[in-house]
Structure formats: C-alpha cells, structure tokens
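>>> after the sequence you'll find the predicted model.
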2 protein chains.
Amino acid sequence: MAQRDTGTEQLIKDTAKRMFFSEGKLHATTQDIADAAGVNRTLLNYYFRSRDILFEQVATEARAEMSAELDFAFSSELEFKEKVEQLINVFMDQAMKFPYREMYVVTELNRTEKVVPEEKKNKIRQFLKEINAEMEKGKIKKMDPRQFLMNLFALMAYPLITNCLNKSLYSINDAEYHKLMKDRKKLIFEMIYQ
Amino acid sequence: MAQRDTGTEQLIKDTAKRMFFSEGKLHATTQDIADAAGVNRTLLNYYFRSRDILFEQVATEARAEMSAELDFAFSSELEFKEKVEQLINVFMDQAMKFPYREMYVVTELNRTEKVVPEEKKNKIRQFLKEINAEMEKGKIKKMDPRQFLMNLFALMAYPLITNCLNKSLYSINDAEYHKLMKDRKKLIFEMIYQ
DNA sequence: TTGCCGTTTAACAAAAATGTTAAACATTAT
DNA sequence: ATAATGTTTAACATTTTTGTTAAACGGCAA
C-alpha cells in the first residue's frame, strides 16, 4: 500500500497550534486555519473529520506536551533547588514559544468540565511535600506550599500571556521583550528561592 | 414621553459581563447570553443593534473599569508602601469577582490591534519612577522596575485566572479557594515588599 | 376609552461556519 | 501504460449564528 504522507495533516495541526498557542487567536475558524496553512479547508475534514475532533486533538496534545515538561522537571532526581531551576528553564522556554497554550488548556477545562486525572494530582501532592520539606529545612520562606506553587507559575506564565499588552505599555519591541523574559528566569529563581 | 426603562438593557450587559468575566465563557453566543439573562434574543439586537456593538461596549466598559481601579491606586496621595497595599486590595477584590476580565481585555487587544493610549503609558511611567525611587532608597529589592510591576500583577492575577484548575488540582471548594486568595493579599505584599 | 409609544415576541431572512460528495489529480506498483 | 490508492479540489448541503420585520403587548396620558 502506498503511504504517501505529504505532511499536510501535521501542517494543519501545527498551524492550528501556532494560531492558538503562539498568536493567541482563540477565535480562529477552520477557514482561518486552512488559509494560514495554505491548504483547502476541506482537508481539515478529510484528515480530522470535524472541527471538534481537530480542536480536541490539538488540546489533548497540548495537555500531553505540558504534562511531559512538568513531569520531566517534577520527577527528576535532582535536589529541590536544581529541580526548581530546571522547571523554570523548561517551562519558560516553552511558554516563550507558546505563551497562550496554558491559557488555552485552562479555558478549555472551563468549557468542557474535564477533571484532572488522579495520577497528576498525586505528582503535585508529591511536589508539595518536597516544597514543605524545603521550608522545614529553612531553605525557602515558610508559607502554604500551594501558595508557593501558585507564585512560581504566576511569575513564569503571566508576563508571557500579557506579552502584547506589556510590549505596548513599555514601548518595547520583540527583541527587548525577549531579553526581559530571559532575565526573568534568574529573577524568578531569586525571588522564589530567595 | 414615556421612558419606561425596564432595566433589560442593563440586565443584558451585566449578564454578558458575568459570562465573560466571571465564568470565563469566552465563546458565548448571543443566544447563550439571552438564555442566561432570561430574555428573548431579539432584545440584544433591539438594544445594541448587533452582537459586535454589544461586545465592544462590554469590552470598553471593562477597560474603563480597570483603568479606574488602577488610576485610583496609582495616583493616590499615599506613600509608596501604602499605595502598593491599596493596589493589591483593590485589584484582587475586583479580580476575585471578575477573574477573566483582564484576560478578556488582553486577548481583545490581541484580536483588534488596539493601542494603549499615551496617557495611560504616562501613568505607568510615573509609577515605574516611583518604584525606582523606592529601590534607590533600599526599601525594595533592586531590579528592573518593569519586572517588579510584572511580578506584582502576575502574583495577583494569575491564580484567579487559573481558579478552576487550582481548585481541581488541590481538591478544594469555593470557600477554601476564597480563603486562599484572601490570604494571598498579605503574602503578595510581603513577597513583593519584603 | 383610545391612541401613543416603548418593549417584547415570533417568524422569517441572511450570513457565517461547518460538513459532504464526487470528481480531478498525482504517485506508486504492477 | 494503467490500475490502484492516497491526496486535493470545487461545488453543494447543512447547521449554527446573527440580523430584520411586523405584529402583539402593556402601561400611561389625553
């Protein structure tokens, strides 16, 4: 059998991801995506059968990619301090590429009433314990470990979500913004870890 | 002439705001809003002529409300420290009511390519100077004042945007979440101001 | 009452977005 | 070459969402 695979299916998915996650075009229609990918809209139906299936697939892969990132950092064998450092690095690099991905996943959660699988909750619980242990050791400021985690993710994700607004507010271009975000990695670490 | 004013126009706007800003239902259609408001969909056209006009009006009012909040805190006559304290209070109270409002404004900015008026940029610049002065005085940790501002807003806004996810992750209910957010005010202040 | 006028409704119309089909196209194996 | 098969396209159909119209309703003033 001839498996031709012109890469169109992947192109469509990548284009959808770029529009949703990089450009924040949350209202993109199938036509918008087809145009951006430079293909006929019918191909979206040919490859994915329906808009909903395409969108669901994109969302599922996004969740999986994020999970993989976080798991990588959460369950590495490093010391807590290095683990946090790695988490910041990995997460922010990804968030710089796909600033709206997390927001997409979050609002998707809102819309579809999906639940977080128990397995992931366990990983979080495990990490919360590690945070707590580090606090007991006096390495980081004592607080509710959940607050610590929220702080960490807030500091990483938020400035990238508000990318556009910030560039406008501070009258800076992409390059300057990029530098600001790169500097942020260190700054967040110092702020969190003190 | 008889001005009857049954309050329907306001009801529709308030319902739209609630769905967008409180419930995060960004994909709500006119029918969704009419249903939620318990009115006939035609009334949306009667009062606002078109969906776009209604949405634009809602977005404009949202921007104005946020501006008002921030101006109130930014240009008060308080000392810097108290100003920050007030900002946290005002902003977080609002963000607890309308967790998705800021995100709506931001993505709207993304979609419509609106620019931030010079007047607002000036207010920010002014505040950045104050931040800088406070750093010079050694009251707060030295860093790029823009990073300071991003930190502040990140810590305030993000956990409320990810409301749903957090409640699920930490297996907590609305009341507990509310308490967590209340505690956060103090925590953010300490973290920022140290 | 009766007519006015703002409000509300239902039925219809138009537009936008999505989905389906059949045929054209292109590559590979035979 | 040509049959087979995966890919792409255009035309059409359906569904969803939005917009319009005319008529009904209801309070109030003349």
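Ah, there it is.

>>> and for A:Leu87, the neighbour number?
22 (other Cβ atoms under 10 Å in any protein chain shown). All C-beta spots, glycine's among them, are computed from the backbone N, C-alpha and C.

>>> OK, contacts around it?
The contact partners of A:Leu87, by Cβ atoms under 8 Å, 6 or more residues apart in numbering or on different chains, come to A:Leu70, A:Ala73, A:Phe74, A:Leu152.

>>> what do you get for A:Asn132?
Counting by Cβ under 8 Å, 6+ apart, the residues that A:Asn132 touches are A:Pro145.

>>> so who does A:Ala154 touch?
Neighbours of A:Ala154 in contact, by Cβ under 8 Å, 6+ apart: B:Ala154, B:Leu155, B:Ala157, B:Tyr158, B:Pro159.

>>> which ones among those map onto helices?
Judged by DSSP state H, the subset of the contacts of A:Ala154 located in helices is B:Ala154, B:Leu155, B:Ala157, B:Tyr158, B:Pro159.

>>> got those residues as a markdown table, with distance to B:Glu102 and pLDDT columns?
Rendered in a markdown table, the data for the ones in helices among the contacts of A:Ala154 read as follows (distance: Cβ to Cβ, whole Å; pLDDT from 0 to 100):
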| residue | distance to B:Glu102 | pLDDT |
| --- | --- | --- |
| B:Ala154 | 11 | 97 |
| B:Leu155 | 13 | 98 |
| B:Ala157 | 6 | 96 |
| B:Tyr158 | 10 | 96 |
| B:Pro159 | 12 | 97 |
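
>>> re the thing from before, nearest to chain B among the contacts of A:Leu87?
A:Leu152 (10.2 Å; Cβ to the nearest Cβ).

>>> ok, that closest one to A:Arg146 distance?
The gap separating A:Leu152 from A:Arg146 is 11 Å, by Cβ to Cβ, to the nearest Å.

>>> between these two, who's got more neighbours?
A:Leu152 (20 against 17).

>>> which helix or which strand is home to the more buried one?
If you go by DSSP states H and E, A:Leu152 is part of helix A:145-161.

>>> angle of that helix against helix B:145-161?
In terms of direction (axes from the mean of the first three to the mean of the last three Cα atoms, to 10 degrees), helix A:145-161 departs from helix B:145-161 by 120 degrees.

>>> I'd like the next helix or strand past helix A:145-161.
Next along from helix A:145-161, by DSSP H and E: helix A:163-169.

>>> re the thing from before, reformat the contacts of A:Leu87 as JSON lines; add distance to chain B, pLDDT and secondary structure.
JSON lines is the format used below for the contacts of A:Leu87 (distance: Cβ to the nearest Cβ, whole Å; pLDDT from 0 to 100; DSSP: H, G, I helix; E, B strand; the rest coil):
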{"residue": "A:Leu70", "distance to chain B": "11", "pLDDT": "88", "secondary structure": "helix"}
{"residue": "A:Ala73", "distance to chain B": "16", "pLDDT": "85", "secondary structure": "helix"}
{"residue": "A:Phe74", "distance to chain B": "13", "pLDDT": "83", "secondary structure": "helix"}
{"residue": "A:Leu152", "distance to chain B": "10", "pLDDT": "97", "secondary structure": "helix"}
